[in-house]
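pasting the sequence and the predicted model now:
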Amino acid sequence: MADRLFTDDFLAGVYDAWHQRAVRDDFDFYWPWMMAASSVLDVGCGTGMMLHALRDAGHAGRLCGLDPAEGMLTQARKRADIEWVLGDLAASTWTGEFDLVIMTGHAFQALVSDEEVRLSLEAIRRALTGNGRFAFETRNPAAHAWEQWKPENAVDVTLPDGEQIRIITEVVAPFDGHTVTFTHSFTGRSARLPVVSSSTLMFLEPRELAARLQDAGLRIERQYGDWNGAPLTADSPEIITIGVLA
């Protein structure tokens, strides 16, 4: 089930203001692969920001966004020149249709059970063309990103109408070697606030990740440790992976 942050129409708008393109390093990193692919499937597309930008930049091929959260797709569907699909990746039935499948915004980490990961990776393998690629990132557990998710690191976001929203992130179930559970608390002057959204994310070590890909019939073509393209090391903040058919 998608988090309230993604299912609630109001919070979906807050998410866009919070994660604007100007502060997202993944946009520029993945951009060459996206522009070069004639068909792109964005899994966990959210409000469709990335696919909107691709189309605006002149991408003339097939662009498809998949997301399990109606609130996010309500925002995305403001553009009708892109395919939008409400659903779960594991249940998808695309076969050999996409040159690139991409998961940005650490969306891969929202797959929190072994079964979800297995079924989702198998679905991605089916969806790829023979020369297709799967591009995605996860936070490296060795970097302990969750240690920064605490009230003193609250974020203030300004919505398009000028309204100020404060977002406090706080861990409620510490890292257990597999997952972390945390909350986002949203406060502001809106009548729809305050709201609390709970999330759980999976953290996989590089060796575990490689094994999951291999089991699904995929192999790692290349990996990076940060958005500057540095090599993956033991303490890199990110595990950015480009996968291909095995």
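Perfect, I can see it now.

dihedrals phi and psi, F10?
The phi and psi values for F10, taken as degrees, to the nearest 10, are phi -70, psi -50.

how many neighbours does the closest residue to it other than its chain neighbours have?
In space, not counting the residues next to it along the chain, F10 is nearest to R192; the distance is 4.8 Å by Cβ to Cβ, 6 or more residues apart in numbering. From N, CA and C alone the C-beta is placed, and that goes for glycine too. By other Cβ atoms under 10 Å, 12 other residues sit near R192.

all further residue positions should be reported with the first residue as 24.
I'll keep to 24 as the first residue from here, and by that count the last item is R215.

what strand or helix carries R215?
Using DSSP states H and E, R215 maps to neither a helix nor a strand.

same check on V219?
Going by DSSP H and E, V219 is part of strand 218-225.

tell me how far the helix or strand just after that strand lies from the chain's centre.
Where DSSP H and E defines the elements, the next helix or strand beyond strand 218-225 is helix 229-238. The chain centroid and the centroid of helix 229-238 are separated by 19 Å under Cα atoms, centre = their mean, to the nearest Å.

quick check: angle from helix 229-238 to strand 218-225?
Here the directions of helix 229-238 and strand 218-225 differ by 80 degrees (axes from the mean of the first three to the mean of the last three Cα atoms, to 10 degrees).

just checking, what packs against helix 229-238?
Applying 3 or more Cβ pairs under 8 Å, 6 or more residues apart in numbering; DSSP states H and E, we find helix 229-238 packed against helix 137-150, strand 241-247, strand 261-268.

G266 contacts Q246, doesn't it?
No - if you go by Cβ atoms under 8 Å, G266 and Q246 don't touch, sitting 9.3 Å apart.

these two - which one has more neighbours?
Between G266 and Q246, counting by other Cβ under 10 Å, G266 is the more crowded of the two (26 against 18).

show the contacting residues for that one.
R156, F157, A158, F159, L236, L241, R242, I243, E244 (Cβ atoms under 8 Å, 6 or more residues apart in numbering).

ok so, going back, for the strand holding V219, the distance to its chain's centre please.
Using Cα atoms, centre = their mean, the offset of strand 218-225 from its chain centre is 14 Å.

in that strand, which residues are buried?
V218, S220, S222, T223, L224, M225 (16 or more other Cβ atoms under 10 Å).

and those, which is closest to E138?
M225 (12.0 Å; Cβ to Cβ).

measure that closest one to E186 for me?
Going from M225 to E186 by Cβ to Cβ, to the nearest Å gives 33 Å.

and the residue most central in space within the chain, what does it touch?
Geometric centre of the chain, nearest residue: A130, 2.7 Å, by Cα atoms, centre = their mean. Contact analysis of A130 by Cβ under 8 Å, 6+ apart lists V66, G67, F159.

what is the nearest of those to G81?
V66 (22.9 Å).

counting neighbours, what do you get for the closest one?
Neighbourhood size, V66 [other Cβ under 10 Å]: 26.

which residues does it form a beta bridge with?
L89 (DSSP bridges).

so it touches G128, yeah?
No - applying Cβ under 8 Å, one finds V66 not in contact with G128, separated by 10.4 Å.

for D48, what are its contacts?
For D48, the contact set (Cβ under 8 Å, 6+ apart) comprises W250.
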